[in-house]
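>>> Structure for the following, please:
(one chain, ligands or ions: 1)
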Amino acid sequence: MAKTKSLFVCRECGADSPKWIGKCPSCGSWNTYVEELKITKPINSRYDGLSNKEATKPLSFDKIQSESLTRIATGISEFDRILGGGIVPGGFILLGGEPGIGKSTLALQLALNSRKKVLYVSGEENASQIKMRAGRIGPLNNECLIYNETLLEDIIAQFNNEKPSLLIIDSIQTIYTGLAEPAPGSVTQVRECAAQLLRIAKESSVPVLIIGHITKDGLLAGPKILEHIVDTVVQFEGDQHLDFRILRTLKNRFGAVPELAIFEMDQSGLHQVLNPSGYFLHQNENNLSGVAAACTLDGIKPLLVETQALVSSSAYGTPQRTATGFDYKRLNMLLAVLEKKAGMNVSNKDVFLNIAGGMKIQDTAADLAIIAAIVSSRTDQPVNQTICCCAEISLTGELRPVNKIEHRIEEAQKLGFTKFVVSAYHKNMPLNYKGIEIQKASSINDALKLIFRGNS
Ligand SMILES: [Zn+2]
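Residues are numbered from 1 along each chain as shown. Just a heads-up that it's a prediction; the model follows:
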């Protein structure tokens with residue numbers, strides 16, 4: 001047993017300190033320090049005499065295997081796509097999300113669909129529960145081995161025994177190594193187990209997929225620590241009470257980020273939604289105010305989403321601003337631009353912004369739609385449902401061009417939009433699209449005139 005001493009560790013980022021501190025100097029989180037026993041001897045050091053010198057040798061380019069040729073298809077094409085074309089041998093993947101959102105279901109589907117030998121280690125459910133769930137998902141595959149174990153050393157022994165093509169750990173928070181003192185799920189355990197699994201993945205070239213829970217209160221060791229260790233992070237977003245799930249790559253050493261896939265969830269598991277656009281649009285027949293359609297792009301797929309705003313008189317001295325699915329600071333910036341450049345008084349108003357369907361938008365192309373939704377709610381004039389807005393707003397109140405505009409227009413056209421408002425600064429943009437009129441504006445004022453023209 002390695003020597004241990006007491007230490008305080010940040011749950012969020014894994015930084016440590018000999019004393020308890022309120023605010024983490026490394027990641028800025030508050031009240032995240034917990035006392036743990038720290039291993040003083042580095043147990044995963046390659047200098048511990050266990051290192052296999054034969055396995056690591058410098059190679060010339062002609063001896064290095066090309067990665068694209070060796071990727072493993074999982075049988076779920078959308079999952080393969082967001083990984084950049086399948087799982088890379090020796091890849092270390094973290095599948096994150098809140099409990100109950102579908103992580104185990106997806107992992108089990110991967111195990112059943114891949115038609116390869118998979119070792120599915122579960123510390124969450126017992127084997128018969130997993131069999132029941134697998135039975136609902138699809139035909140049982142005897143290549144998939146279920147192993148109920150939480151001690152990492154035993155898992156590694158079975159891994160070496162069975163030599164699977166994929167190792168799945170459900171979940172990283174339930175397993176523990178006998179080499180470290182604290183309880184499973186603690187920062188030290190999560191970090192040590194992940195480090196050992198990483199070594200296994202790299203040395204055996206067998207991909208390892210680990211499931212990591214995120215809780216809203218952050219009680220379990222957060223996958224933020226894991227993000228640094230793994231090659232790829234895919235995370236479920238959205239509300240677990242809705243029928244669909246959004247799966248997003250947040251980090252990927254072997255592909256582009258962000259990529260996004262939409263799945264529909266029912267009793268028989270997760271089903272890919274190959275054409276997700278329109279999924280987040282709600283056709284409101286009464287043409288209500290405070291709603292505008294945006295065309296965002298995650299990775300290569302454009303996605304049409306509904307932005308919703310509610311502007312109301314502030315009951316308190318300080319107006320409230322809430323943003324769900326959108327950056328709060330950017331909302332404040334947009335409100336300031338609206339006030340200063342379009343002369344619309346919002347400083348004494350409460351503003352609530354929501355992106356429909358639990359989507360999280362990072363694409364600034366949604367700026368104009370958000371502005372339109374806010375103005376629509378503020379003035380109680382609906383935005384015509386045939387209009388799609390797609391431009392970034394700058395601090396000067398100008399409309400900035402966005403990338404891949406042709407893709408976005410085509411997507412909006414497919415969904416039956418007839419007007420598409422873009423920045424006038426797009427260069428070499430084809431203007432003739434069948435059935436959809438491209439409307440160019442250079443400033444926020446021009447754009448608002450175009451969007452609300454039919455109403456006045
Ligand atoms: Zn921290």
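
>>> drop to CA atoms for contacts and neighbour counts, all remaining ones
Fine.

>>> what sits against Pro58?
The contact partners of Pro58, by CA atoms under 8 Å, 6 or more residues apart in numbering, come to none.

>>> what do you get for Ile229?
194-195, 198 are the contacts of Ile229 under CA under 8 Å, 6+ apart.

>>> For the residue of the stretch 251-400 of the chain found nearest the ion, give its distance to Ile21.
Nearest residue of the stretch 251-400 of the chain to the ion, counting by CA to the ion: Lys251, 19.1 Å away. Distance of Lys251 to Ile21, given as CA to CA, to the nearest Å: 29 Å.

>>> Comparing the two, which residue is more hemmed in?
Higher neighbour count among Lys251 and Ile21: Lys251, with 22 against 17, using other CA atoms under 10 Å.

>>> Partner strands of the helix or strand encompassing that one, with direction?
When elements are assigned from DSSP states H and E, Lys251 belongs to strand 244-252. Applying DSSP bridges, strand 244-252 is found paired with strand 232-237 (antiparallel), strand 260-266 (antiparallel).

>>> Of those strands, flag the one that's most buried.
Stretch with highest mean neighbour count among those: strand 232-237 (a mean of 22; mean count of other CA atoms under 10 Å).

>>> what sits up against it?
By CA under 8 Å, 6+ apart, the list of residues contacting strand 232-237 reads 83, 91-98, 101-103, 227, 245-254, 358-360.

>>> Could I get the average pLDDT for that strand?
In this model, strand 232-237 has an average pLDDT of 88.

>>> quick check: longest helix of the protein.
Of all segments of type helix in the chain, defined using DSSP state H, the longest is helix 187-204.

>>> residues of it that come out buried?
The neighbour-count check on helix 187-204 (16 or more other CA atoms under 10 Å) flags 187-201 as buried.

>>> List of residues touching it?
Here helix 187-204 has contacts from 9-11, 14, 36-38, 44, 55, 90-92, 152, 172-173, 175-177, 180-184, 206-208, 221-222, 225-226, 229-230, using CA under 8 Å, 6+ apart.

>>> Which residues are in contact with Asn287?
382-385.

>>> 10 Å - rerun?
Neighbouring residues of Asn287 by CA atoms under 10 Å, 6 or more residues apart in numbering: 381-385.

>>> hang on, the earlier thing: what residues are bridge-paired with the residue of the stretch 251-400 of the chain closest to the ion?
Taking DSSP bridges, one finds Val233 as the beta-bridge partners of Lys251.

>>> Domain-wise, how is this structure divided?
Domains of the chain are assigned by automatic domain parsing as 1-41, 73-273, 291-455.

>>> and Glu35, helix, strand or coil?
Recorded secondary structure, Glu35: strand (DSSP: H, G, I helix; E, B strand; the rest coil).

>>> what's the nearest residue to it if we skip its chain neighbours?
Phe8 (4.4 Å; CA to CA, 6 or more residues apart in numbering).

>>> Check Glu411 too.
Residue nearest to Glu411 in three dimensions, not counting chain neighbours: Pro302, with 6.7 Å by CA to CA, 6+ apart.

>>> Quick check: buried residues in the helix or strand hosting that neighbour?
Element membership for Pro302 (DSSP H and E) is strand 301-313. Neighbour-count burial for strand 301-313 flags 301-312 (criterion: 16+ other CA under 10 Å).
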